[in-house]
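Student: Fold the stuff below for me.
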Amino acid sequence: QLQASGGGSVQVGDSLRLTCAASGRGFSNSAIAWFRQRPGEEDEIVSVINFNGQNAFYAKSVKGRFTISRDNDANRAYLQMDSLQPNDTAIYFCAQGGTPTFARGGYEYWGQGTQVTVSS
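Tutor: This next block holds a predicted model:
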């Protein structure tokens, strides 16, 4: 199971750190991705990290502002979000899969989302 947390309501330019907590086996061998879903839109990829944290990938819209990381000893993954903008307002989900991919279908396990709201 995966559980995302750390969302909240912030102002433009603020920062938030999301946490994805995993239970069960397989976390340290899996890619972890963050997706988000804006109101009225389909979900979109935000960032992906490979199993050992050595490779990370970002959507163009967040590159340079967001940082993905993981702690396999703690079965946790993180998304540090800086310089938040109103367009970052969305429900953020973490997902676990075999290999890093931007495709939603590449992830077998999904957590409940956490709401991020950025106000100007």
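Student: So which residues of this structure form strands?
Tutor: Ranges of strands in the chain, per DSSP state E, are 2-5, 8-11, 16-22, 31-37, 43-49, 56-58, 66-71, 76-81, 90-97, 107-110, 114-119.
Student: The shortest one: partners in the sheet, and parallel or antiparallel?
Tutor: Applying DSSP bridges to the sheet, strand 56-58 is found paired with strand 43-49 (antiparallel).
Student: From S120, how far off is the spatially most central residue of the chain?
Tutor: When CA atoms, centre = their mean is applied to the chain, the residue found nearest the centroid is W34 (2.6 Å). Distance, W34 to S120, using CB to CB, to the nearest Å: 23 Å. Using the backbone N, CA and C atoms, a C-beta is placed for each residue, glycine as well.
Student: Same question for G6.
Tutor: Relative to S120, and taking CB to CB, G6 is found at 21 Å.
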